[in-house]
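Chemist: Show me the folded form of this:
(one chain, ligands or ions: 1)
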Amino acid sequence: MADWSELRERCMNCRSCALCTTRHNVVFGVGNPNADVLFVGEGPGEQEDLKGEPFVGAAGKLLDDMLSIIDLDRSKNCYIANIVKCRPPQNRDPLETEQDACIGYLREQIQLIRPKILVCLGRIAAMRLIREDYRITREHGQWVEKDGIWMTAIYHPSALLRDLSKRPETFDDLISLREKMTELGISPE
Ligand code: URA
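Modeler: Modelled structure (predicted):
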């Protein structure tokens, strides 16, 4: 199995789909690769593409605030990655072909991180990682164990910026995540 820096290097040089022609940076991921909790979004937006780091725009600020409620911090005790590592132009959803070209990198990240918990941020990640026909409005906050990893999905932070009415449910989902961490013996320290 590849080691982390070899995987990162390979990903940084990837030319497996057309997104490589419009990207400024490959957005590999951020955080502690030894963390027990992994968050997976959809793909980089404009700010992320320019900076080379996931969730650094307005949605990223909200995500950091959400994480801090449950004592998680991207610089300490969790890891954040995306389904696709390069920005889809005009912030469109990543195409199936782009996801197919990129998903191997995430799979290898998951094998190396070996998280106990994986939280999908939004429907695109949930449909790719939990179930093809996942319905985020109905199923967010529910837990499934898959390949030894506890998985759930919460609303994407961008959806929470657009629709404040989704925030109370997301707060409950975050509390459920904190409880799952406790149940699995994961301390945020
Ligand atoms: N939205 C995502 O899904 N991922 C990012 O990194 C930024 C915005």
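Chemist: Strands of the protein, start to end?
Modeler: For the chain, the strands defined by DSSP state E occupy 30-31, 37-41, 79-82, 117-121, 144-146, 149-154.
Chemist: most neighbours per residue, which of those?
Modeler: strand 37-41 (a mean of 27; mean count of other C-beta atoms under 10 Å). Glycine gets a C-beta too; all of them are placed from N, C-alpha and C.
Chemist: Confirm for me that Ala101 is in contact with Arg15.
Modeler: No - checked against C-beta atoms under 8 Å, the pair Ala101 and Arg15 is beyond contact range at 9.7 Å.
Chemist: These two - which one has more neighbours?
Modeler: Applying other C-beta atoms under 10 Å to Ala101 and Arg15 shows that Ala101 carries more neighbours, namely 21 against 9.
Chemist: mind listing what the more buried one touches?
Modeler: Residues near Ala101 by C-beta atoms under 8 Å, 6 or more residues apart in numbering: 16-17.
Chemist: Same check on Phe28?
Modeler: 8, 11-12, 52, 81, 85, 105.
Chemist: how about low-confidence regions in this protein?
Modeler: Applying pLDDT under 70 to the chain flags the ranges 1.
Chemist: Smallest gap between it and the ligand, at which residue?
Modeler: Gly41 (2.8 Å; C-beta to the nearest ligand atom).
Chemist: Please give me every residue in contact with that residue.
Modeler: By C-beta under 8 Å, 6+ apart, the neighbours of Gly41 are 54-55, 80-83, 121-122, 125, 156.
Chemist: rerun at 7 Å
Modeler: Neighbouring residues of Gly41 by C-beta atoms under 7 Å, 6 or more residues apart in numbering: 54-55, 82, 121-122, 125, 156.
Chemist: near the ligand, from the residues you listed?
Modeler: Among those, the residues within reach of the ligand (C-beta under 6 Å from any ligand atom) are 54-55, 82, 121.
Chemist: What's the separation between Leu62 and Val56?
Modeler: 12 Å (C-beta to C-beta, to the nearest Å).
Chemist: So the two - more neighbours on which side?
Modeler: Higher neighbour count among Leu62 and Val56: Val56, with 21 against 18, using other C-beta under 10 Å.
Chemist: For the residue lying farthest from the centre of the chain, give its distance to Asp93.
Modeler: Within the chain, the residue lying farthest from the chain centre (C-alpha atoms, centre = their mean) is Thr21, at 23.1 Å. Distance of Thr21 to Asp93, computed by C-beta to C-beta: 18 Å.
Chemist: This completes my enquiry, with thanks.
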